[in-house]
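Asker: predicted model follows, preceded by the sequence.
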Amino acid sequence: MLSQKKYVTELLEKTGMLGAASTPTPMVSTPKLVASDGSPPFADVHLYRSVVGMLQYVCITRPDLSFCTNKLSQYMSAPSDTHWRAVKRVLRYLAGTMDHGLCLTAGQLELVGYSDADWASSIEDRRSTSGYVVYLGSNPVAWCSKKQSVVSRSSAEAEYRSLANCVSELLSIQQLLNEVGMSMSKIPTIWCDNSSTVSVAENPTHHTKMKHVEIDHHFVREKILAGCLQVNFVPSAQQIADVLTKPITPKQFSSFRRALRVLPSKDLCTTKTNKQGEC
């Protein structure tokens, strides 16, 4: 298990949040954070930037914090009291999950990805949020939560952009494994919960409906035709990457956090040995 308990403790001590009442999720779905909601500017901009920067480091072993940290990072230039309250909620969540870490186990040598997007989620500019996670066996080895750089005109387009990023990451990992002499036991699979996106990726006749999507994103279909990977549909209730695109209910969050292999240290990893290390 990879844990940063010592670092998290230092972060909570720095902000006076050690021992604070915990919350089940790091961020609420409503109200949505915006750049300016009329609340006063936060007095200590340096503190805000420092704490969010520390949260970014915690994300190395805590993919469950990726979305909220990415969201809070968007207000570094001029944080408000509202943004600081959102940071304190994340810290309360951390206070209740200090003993959690990334549990890595032995398993099959296969790559699986989950790709998702929250269409037009940004109130200010209606840009979407991409999220993906790539597993090697049962272990998450790469994940991302990021605001898209352009506006998508449909949910399928937003999902397709996220899918392309996931494919790129997965193939990079596959190439690295090949270079060290490790070959996959199965063709890599990426799971997407948007049926239109899956159809566009697999069927060239559907591409005329999405010509406004940049050409470079169509390398996804080329990789599929070359047999490098396959893209399949997964119901939204089983879409693990959902936790990387938006705030979700405590029940969903707990389920997806476990799927991301973020577990408390008291939970034994499903291996013969249970070694724990600090990052």
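Answerer: It's in.
Asker: and the strands in this structure, which stretches?
Answerer: Along the chain, the stretches classed as strands by DSSP state E are 2-3, 100-102, 111-118, 129-136, 139-147, 189-192, 230-233, 262-264, 277-278.
Asker: could I get those as TSV with distance to Val52?
Answerer: Quick note: C-beta positions are derived from backbone N, CA and C, even for glycine. Listed next are the strands of the chain as TSV, based on distance: least, Cβ to Cβ, whole Å:
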stretch	distance to Val52
strand 2-3	21
strand 100-102	20
strand 111-118	20
strand 129-136	17
strand 139-147	14
strand 189-192	30
strand 230-233	34
strand 262-264	20
strand 277-278	22
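Asker: of these, which stretch is the most buried?
Answerer: Stretch with highest mean neighbour count among the strands of the chain: strand 111-118 (a mean of 27; mean count of other Cβ atoms under 10 Å).
Asker: shouldn't Arg161 be in contact with Ser154?
Answerer: No - with contact defined as Cβ atoms under 8 Å, Arg161 does not reach Ser154; the gap is 10.9 Å.
Asker: pick out whichever of the two has more residues nearby.
Answerer: Neighbour count, other Cβ atoms under 10 Å: between Arg161 and Ser154, Arg161 has more, with 22 against 17.
Asker: need the pLDDT of the more buried one.
Answerer: Arg161 carries a pLDDT value of 92.
Asker: and the one 3 residues further on, by the same measure?
Answerer: Ala164 is assigned a pLDDT of 93 by the prediction.
Asker: low pLDDT regions in the protein?
Answerer: For the chain, residues meeting the criterion pLDDT under 70 lie at 204-217, 268-279.
Asker: would you tell me which helix is longest in it?
Answerer: For the chain, the helix with the greatest residue count under DSSP state H is helix 155-179.
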